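Visitor: Mind folding the following:
(chains A and B)
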There are 2 protein chains.
Amino acid sequence: MNTAGTNRRIVLARRPHGEPQADDFRLERTALPVPGPGEVLLRTRFLSLDPYMRGRMNDAPSYAPPVAIDAVMTGQTVSAVEASNNPDFTVGELVVANAGWQDYALSDGHDLLRIDAALARPSYALGVLGMPGLTAYVGLLDIGQPQPKETVAVAAATGAVGSLVGQIAKLKGCRVVGIAGGHDKCEYAVHALGFDACLDHREPDLRGRLAAAAPKGIDVYFENVGGAVLQAVVPLLNVGARVPLCGLIAWYNLEEPPAGPDRTPQLLSAVLRRRLKIQGFIIFDHYQRMPAFRADMTAWLAERRVKYREEVIDGLPSAPGGLIGLLRGENFGKLVVRVSGK
Amino acid sequence: MNTAGTNRRIVLARRPHGEPQADDFRLERTALPVPGPGEVLLRTRFLSLDPYMRGRMNDAPSYAPPVAIDAVMTGQTVSAVEASNNPDFTVGELVVANAGWQDYALSDGHDLLRIDAALARPSYALGVLGMPGLTAYVGLLDIGQPQPKETVAVAAATGAVGSLVGQIAKLKGCRVVGIAGGHDKCEYAVHALGFDACLDHREPDLRGRLAAAAPKGIDVYFENVGGAVLQAVVPLLNVGARVPLCGLIAWYNLEEPPAGPDRTPQLLSAVLRRRLKIQGFIIFDHYQRMPAFRADMTAWLAERRVKYREEVIDGLPSAPGGLIGLLRGENFGKLVVRVSGK
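Guide: Okay, the predicted model is just below:
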């Protein structure tokens, strides 16, 4: 138990306009929560930072309700059971929880997922073996349906999801072209992750370089960024190409629609002429694929056919800066906050 | 045989800028073509006018090559075999052909489809039992996958494709909301075709009226127009809605992208949040569905469960004006030109 008897938590102080600022968040100290009948007290070990969190900061309908002003920022965690009034959980166990941006939280157990004790790094349950991994798996395989020798393009290529999309596509016999922000990330995508090419979207003429890297066009574009990358990819999509869409990070900080012209007709004309399929998905709809995903991904990791990179930042107070940097593309690998433990 | 020995044909005189003009076409007279070995001479009875023809007039890549300047406008026809050097076809037979905008054409037979002699009106082979019918059938059933009690919205609701989409959706137990240009068309959609509602897109506040007509939101939007109708529909699409896309007639005359703001982020945010599927299709990719479609549609027509309306205009020289009007939404029902015969 926390001898100090206090819980630090980070709440949404105000709704951001555009890029979030440090003052949009507030660190508070409250009394340690006390578990009621059937409840467990959880202590946060790792907090996952993910692009979708930006959407929750807006007061707008999305696939999940917004975070209320003065409420704790939501987020998935790896937490340790500190006290338990629930016979299903014993003190010391590690679980995946939705504890949010705080040291301690309560749960009645319904939303907890026990972590395999054999897992070398518990934080992997927030990434390669968790929601981002399942997102890559379902989006690429079920919606993208890549065939051997097809070309798969993926943006945010060294991110939690993109790095796995590209590696799974390589395992399926595809040509993989990544797009990332910066030379180091691109080097990593090619030399460590085994992508066939990776292009720095900060350099000029992305479209021309993409055309050179995908000489047979693009059959699957795993869309998680939007913006200029999308504009460069669309002209290269082949007849019958599939575009699974699970994020639009380039647009998350938009305050209002960007200046014209309106490019909707161009996009939809391409959809029509080239019989594209653009399909949005939210991973919560696809949890029935978790067992197959876990079996495959555990094997791929054990065989070292999939590599995974984390960027771990220390201490709950670093979470706001971490999310702000994530939305700028400053992280390199899956971003997690180490809140307690090691 | 044509005793005059001449063939009238309408060629593309120049590429239109925006809305086509009469001077973009030219009526010419040439010698009657003479069938070579294995060829048949076809005389056009009916010429189909369809929105896709506008795309062929541009010098831009699409799913089919553009019509060359001074070349005959392409188009599907019902034609009679006038002379035959091909043992598969006998003089007097009616076939669906790709004869284009002219009185006579040659074919080696490979692209001809014999018309069932029992068909009351041969021109139906260009509409309800032909390409537009198959477009409605495949787009709605295979891509849209409507479930009973879902709401299906369709624009150009009294057009060749839209009128069939709505009627098939009714047969599948759906609520059907049409959108059409003008009061008479909307009356027809509701009272003759049996749609649950039909909205005139020329009246104000389409989005508000659409919300009232689709109180449970829209599950399938059969997209064939784009433009303002699309903007009104998108906010009403339900989670998991499907958008089969086979035309964008509102944008066919666009010279350049419309003024801003750029609405692409809005559209794709909706795709993401509401897990939409937008899928373009071209009917030529789906001819394997023709037998099932013909069997179903023939039965529906015989049982009077599907109604079909044609607008027949007379004489080959009326074709350019017909297409110009079609792109303005002036036709009411499937537009065909009676070129010869009755």
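Visitor: Correct me if wrong: A:Gln279 contacts A:Asp142.
Guide: No: in this structure, A:Gln279 is not within contact of A:Asp142 by C-beta atoms under 8 Å, at 9.7 Å. Backbone N, C-alpha and C define where each C-beta goes, glycine included.
Visitor: Show me which of these two is the more surrounded one.
Guide: A:Gln279 (23 against 13; other C-beta atoms under 10 Å in any protein chain shown).
Visitor: which ones are touching the more buried one?
Guide: Residues in contact with A:Gln279 (C-beta atoms under 8 Å, 6 or more residues apart in numbering or on different chains) are A:143, A:242-245, B:271, B:275-279.
Visitor: SS state for A:Gly133?
Guide: helix (DSSP: H, G, I helix; E, B strand; the rest coil).
Visitor: Just give the number of residues close to it.
Guide: A:Gly133: 29 neighbours (other C-beta under 10 Å).
Visitor: With chain B as the reference, measure out to the residue lying closest to A:Asp111 once chain neighbours are set aside.
Guide: Spatial nearest neighbour of A:Asp111, chain neighbours left out: A:Asn98 (5.5 Å); criterion: C-beta to C-beta, 6 or more residues apart in numbering or on different chains. Distance from A:Asn98 to chain B, counting by C-beta to the nearest C-beta, to the nearest Å: 20 Å.
Visitor: A:Asn98 contacts A:Met73, doesn't it?
Guide: No: in this structure, A:Asn98 is not within contact of A:Met73 by C-beta under 8 Å, at 11.4 Å.
Visitor: How many residues are close by A:Arg45?
Guide: Counted with other C-beta under 10 Å, the neighbours of A:Arg45 add up to 24.
Visitor: what does the one 4 residues further on give?
Guide: A:Leu49 is flanked by 27 other residues according to other C-beta under 10 Å.
Visitor: before we move on, what SS does the residue lying closest to it once chain neighbours are set aside have?
Guide: Setting aside the residues directly before and after it, A:Leu49 is nearest to A:Leu335 in space (C-beta to C-beta, 6+ apart), at 4.5 Å. Classification of A:Leu335 by three-state DSSP places it in strand.
Visitor: Tell me, what's the model's pLDDT at A:Leu335?
Guide: A:Leu335 is assigned 96 on the pLDDT scale.
Visitor: One more: A:Leu126?
Guide: We have a pLDDT of 96 for A:Leu126.
Visitor: what about it, neighbour count?
Guide: 29.
Visitor: for the nearest residue to it once chain neighbours are set aside, phi and psi?
Guide: Excluding the flanking residues, the one nearest A:Leu126 by C-beta to C-beta, 6+ apart is A:Ser48, at 4.0 Å. Per-residue torsions, A:Ser48: phi -80, psi 130 (degrees, to the nearest 10).
Visitor: The one 5 residues further on now?
Guide: Recorded main-chain torsions at A:Met53 are phi -60, psi -30, according to degrees, to the nearest 10.
Visitor: And chain A, what are its domain boundaries?
Guide: Segmentation of chain A into domains, based on automatic domain parsing, reads A:6-127+A:310-338, A:131-284.
Visitor: so where's the stretch 51-200 of chain A uncertain?
Guide: Per-residue confidence for the stretch 51-200 of chain A (pLDDT under 70) gives these ranges: A:61.
Visitor: For it, just list every one of the strands.
Guide: Applying DSSP state E, counting those that start in this stretch to the stretch 51-200 of chain A gives strands spanning A:77-84, A:94-97, A:104-107, A:113-114, A:151-154, A:175-180, A:197-200.
Visitor: possible to save those as CSV with mean neighbour count?
Guide: As requested, those are arranged in CSV below (neighbours: other C-beta atoms under 10 Å in any protein chain shown):
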stretch, mean neighbour count
strand A:77-84, 23
strand A:94-97, 22
strand A:104-107, 20
strand A:113-114, 13
strand A:151-154, 29
strand A:175-180, 28
strand A:197-200, 22
